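Peer 1: Just to be clear, the model below is a prediction. Sequence and coordinates:
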Amino acid sequence: MSSLVVGIDLGTTNSCVAVPAQAAVPDKERLIAEGRLRPVGDALVVVPPDGSPTVPSAVWVGPDGDVQVGLLAKHRARMQGAPPAMFFKRSMGTDQRFTAGHAELTPVEASTAVLRHLRAIAEDVLGVPVERAVVTVPAFFETRSKNDTTRAGDAAGLEVVETLIEPVAAALAHGGDQASGAASGADAAHDGPRTLLVYDLGGGTFDTSVVTRDPDEGFEHRAFGGDRYLGGYDFDRAVVSWMNDRLPAYDLAYDPDSPADARSYASLLFLAEGCKQELSRMPVTEIVSQYCEDRNGIPMNLHLPMQRGEFESVVRPHLQAAADHCERTLRQAGLTPADVDEIVMVGGSSRIPLAATLLRERFGREPVLLHPDLAIAAGAALKAAEATERGTYLELDRPEADGEIADISGRVLPGELLPDPAGAAVLLVSDDGVHRVEETAGPNGSFLFPDVPLTPGAENGFTVRLMRDGRAIEARRVTVTAATASAPVTGDVLAHDFSVELAEGLHRIVDSGVRLPHRTGFRLQTATQGSYLSIRLYEGLMHIGSVEIADVPRSLPVGTDVEVSVTFEAGWTIEAEVAIPAIGAAATAVIDIPLRRIPAWDDLRRAHRDAKQAWAELHDGPGPGTPNDSPAADAGPESGRRSADGVTALNRLLGETDALLTEGQDRAKTHYKIMETETLLQGLAQQQMWDRSLDPSPADFETALAEARTLVAELARTDPARAESHRSELVDLEAAARTARADRNRYAWHQACTRLDSLRHGARTDLGGPESARSADSFTADEIAGSLLAELEQLRRSVQEADEDSGRRHRAEADAFTDRIGDAVGDVVQQAAREDDTDTRRRLIGIYKERIEPLHAQIGHWLRGLRQAEGVQVVLPRTTPPGQGN
Ligand SMILES: Nc1ncnc2c1ncn2[C@@H]1O[C@H](COP(=O)(O)OP(=O)(O)OP(=O)(O)O)[C@@H](O)[C@H]1O
Ligand SMILES: [Mg+2]
């Protein structure tokens, strides 16, 4: 008997399974009439015996190892007081473990249990084997999380033919709905390209996508965004903390490590969820319970009314954030709200009336609420309909017409009657019998009928027969329509940016939203010498792997080309290659993306404290993006805006993390927020470090700039034309300096500063003043001492930073250098205190030549040595700076 491909929505709170409406299900009409299959657009949702088409994503393991899923799991948990595993989808791709009754499960194990359960329900209702599935995942899932979803499918006996992005599933379902006339008349009549904004607010994640649907081209996924950690679960927790505020008589403080607290928290969450759902239907409800106990075992006799308005003020910030994500995603797709033809809402939390209200306010149109709980599974089923057709021995690929011809291909699978498919005879016959060809299966059973002619404008039917001893042991039918391939293009897309780490920070190599498979190649250059080269690859904020060339000759000149290419396969494997052509060295690595390790609460608290500390230190330091930065010291519009965004985001993240730590509920989300914080901090710190290393410093530049402006203003009174020319040069060089600073281009910075110097000089001359640039010997002893001290301080800082960066492994040398710097500082100060200016100047210059200069050279050499031991650093190729050379 042939098996079916199903579509599965593996949700955070609820899961659901569906098949395409045209699937070959025995007794389909009867099952529909009996309510075992529920039509949703062009899909049929499978309804389990309990009558509810959605299955709670809850898993409970009994003392004997028996596994319960869904309502039964929740029920067992309540009876036996051992909570089930829930919300594990949020931690897919991490090493977090979940208590599931009497066992501890990983997110993959818990998901396996749910998938196995759904598979059993589907087989039971459909009466055919179910061996393959399209499983949906949030657009925000990292590659590791997607791969884990596929693993869970494998373990449940389901080959995951595709992990389909949830918003695309929603768009597919919506398209199907319209095609079958279920949507509003006006929309159904429209047959040009349409732009949909999908808003999927579920239990755990918020996804938004911009999808265009063209009747000829199918679907195109244009952009997506959202929050991996925003959904109904957050609203429930917000309601619990609202309740806590109103119940001062009870002790509801929460210790995340106490199982008893976990139980009482779980029952409060349960009450909160019920209350939340009521408030979507009614203006007021009452939270009533006699079963809960507080921490001291005091029974809580709850009668707590909650108004819709109160609930709305609790969730409004979350829903505003969701609407913000929509706006950002539209912008990312290069569209404005006016370009959106429809806003499609799915996910259980879309039922909250405020969600639609905010969208209406923001985008000026009425959103469409699709079957909030079933649409995703229905969309997955439509996608499953495109999967290859498979029988016992014959698997057919879905043919795509190329004009008036098509390739028809597939595989012969080994089985009882045919243990070795190689060389099997396969026959293709068109419905009208005119076209008839025989092919032989290759070594792995695959076969291809190339360039099969099609009749234009009609559906072309063919039968593929697997022959043995002149008889067909299996026959499968396939249809193709000429030219208009109706298969929607909804290929998987990268959920995050991917970057490599260069000497100056992360460098993005692929933008999120790129369709798979994808390959990118680029060139880098070595910036230091060393003994090995390691290219570290990042997905979003996470380091996911490296590719390394060992044994790089230490003599390899700086500036040598390094070639890197990264290939993203459709099945979510990533392969990285690096080569140094000059020495014929190359290496390849298949990136095996690690599980995200989620630290314990104590470690999270510590990491948060460290982040706050680092932030406070950045505050105090000079540089862009710090709150006490004067506008004049800011690097200008570009980097200014970037760092201002960074500051806002940092403050928001630190606040959110504070709240999450206090609440002690969601370790995965807390960890994620801390990672985001650390990455932002790193970016700001890098910018600051760079700014500090600039010579002249940004502050000096600003001072000189202010002086130049004054001079130009003065000049305007006597020579307006000349002043105007200076003014436009000022505007120009100022912009150049800002860009240089933002791009960290030392050369361009230096050039801008030189331009400023000569402008000041020119303006002074124009003003008729005799003052010209000072010659070196016009400096006073105090000025010389000041600059020597500044240089020594700079050296001291470099030594200290290098020591810290190398994990204090070079403590002794660093200390020796620091001592010598200290001695030199002492000498300079002592000399500067003397009366005789000329003599002092001579001595100070002596100190510089004899002490500081050698120190400079030795420290430079030491620093280079440290870097060599750490490996070769790479940078983007430096192009020749404009104006250099001819
Ligand atoms: N009437 C309602 N009002 C408010 N929220 C509701 C309502 N009905 C269901 N929900 C919430 O919807 C959420 C479940 O939605 P859904 O089943 O779409 O999520 P999911 O698919 O499991 O999650 P995700 O898509 O994030 O993985 C739960 O938080 C539930 O409390
Ligand atoms: Mg969902």
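Peer 2: Received it, and whenever you're ready, just let me know what you need. Numbering: from 1, shown residues only. Ligands and ions are numbered 1, 2, ... in the order given.

Peer 1: Look at stretch 800-815 and report the distance between its end residues.
Peer 2: End-to-end distance of stretch 800-815 (CA to CA, to the nearest Å): 9 Å.

Peer 1: For it, list every residue counted as buried.
Peer 2: 802, 803, 810, 813, 814 (16 or more other CB atoms under 10 Å). (C-beta placed from N, C-alpha, C; glycine too.)

Peer 1: These: which two are farthest apart?
Peer 2: Maximum pairwise distance among these (CB to CB): 9.5 Å, between 802 and 813.

Peer 1: who touches both of the two?
Peer 2: Common contacts of residue 802 and residue 813 (CB atoms under 8 Å, 6 or more residues apart in numbering): residue 862.

Peer 1: Identify the residues contacting the residue in the stretch 401-550 of the chain positioned nearest to ligand 1.
Peer 2: As assessed by CB to the nearest ligand atom, ligand 1 sits closest to residue 495 within the stretch 401-550 of the chain, at 14.5 Å. If you count contacts by CB under 8 Å, 6+ apart, residue 495 has them with 139, 140, 141, 142, 143, 146, 165, 224, 512.

Peer 1: State the distance from the fifth one to ligand 1.
Peer 2: If you measure residue 143 against ligand 1 using CB to the nearest ligand atom, to the nearest Å, the figure is 18 Å.

Peer 1: close enough to count as contact, that residue and residue 574?
Peer 2: Yes - using CB atoms under 8 Å, residue 143 is in contact with residue 574, at 6.8 Å.

Peer 1: quick one, phi/psi of the residue nearest in space to the middle of the chain?
Peer 2: The centroid of the chain falls nearest to residue 496 when counting by CA atoms, centre = their mean (3.8 Å). Dihedral pair for residue 496: phi -140, psi 170, per degrees, to the nearest 10.

Peer 1: Who are the contact partners of the residue lying closest to it once chain neighbours are set aside?
Peer 2: Nearest residue to residue 496, sequence neighbours excluded (CB to CB, 6 or more residues apart in numbering): residue 540, at 3.8 Å. Taking CB under 8 Å, 6+ apart, we find residue 540 in contact with 142, 496, 497.

Peer 1: on that earlier part again, could you redo the contacts of residue 495 as JSON lines and give each row neighbour count?
Peer 2: Formatted as JSON lines, the contacts of residue 495 follow (neighbours: other CB atoms under 10 Å):
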{"residue": "139", "neighbour count": "28"}
{"residue": "140", "neighbour count": "22"}
{"residue": "141", "neighbour count": "24"}
{"residue": "142", "neighbour count": "22"}
{"residue": "143", "neighbour count": "22"}
{"residue": "146", "neighbour count": "23"}
{"residue": "165", "neighbour count": "29"}
{"residue": "224", "neighbour count": "26"}
{"residue": "512", "neighbour count": "19"}
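
Peer 1: Just flag the most distant two among those.
Peer 2: Of all pairs drawn from the contacts of residue 495, the widest gap by CB to CB lies between 143 and 224 and measures 15.2 Å.

Peer 1: Remind me what the helix or strand harbouring residue 268 packs against, helices and strands.
Peer 2: Element membership of residue 268, judged by DSSP states H and E, is helix 259-281. On a contact count with 3 or more CB pairs under 8 Å, 6 or more residues apart in numbering; DSSP states H and E, helix 259-281 meets helix 232-246, strand 284-289, strand 302-307, helix 308-332.

Peer 1: go again using 10 Å as the cut-off
Peer 2: helix 71-80, helix 232-246, strand 284-289, strand 302-307, helix 308-332, helix 353-363 (3 or more CB pairs under 10 Å, 6 or more residues apart in numbering; DSSP states H and E).

Peer 1: Can you confirm whether the longest one lies near ligand 1?
Peer 2: When you say that, I think you mean helix 308-332. No - Helix 308-332 stays clear of ligand 1 (CB under 6 Å from any ligand atom), getting no nearer than 9.4 Å.

Peer 1: Mean confidence (pLDDT) on that helix, please.
Peer 2: Here helix 308-332 scores 94 as its mean pLDDT.

Peer 1: can you tell me how far residue 367 sits from residue 341?
Peer 2: 12 Å (CB to CB, to the nearest Å).

Peer 1: any shared contact partners between those two?
Peer 2: Residues within reach of residue 367 and of residue 341 at once, by CB atoms under 10 Å, 6 or more residues apart in numbering, are residue 197.
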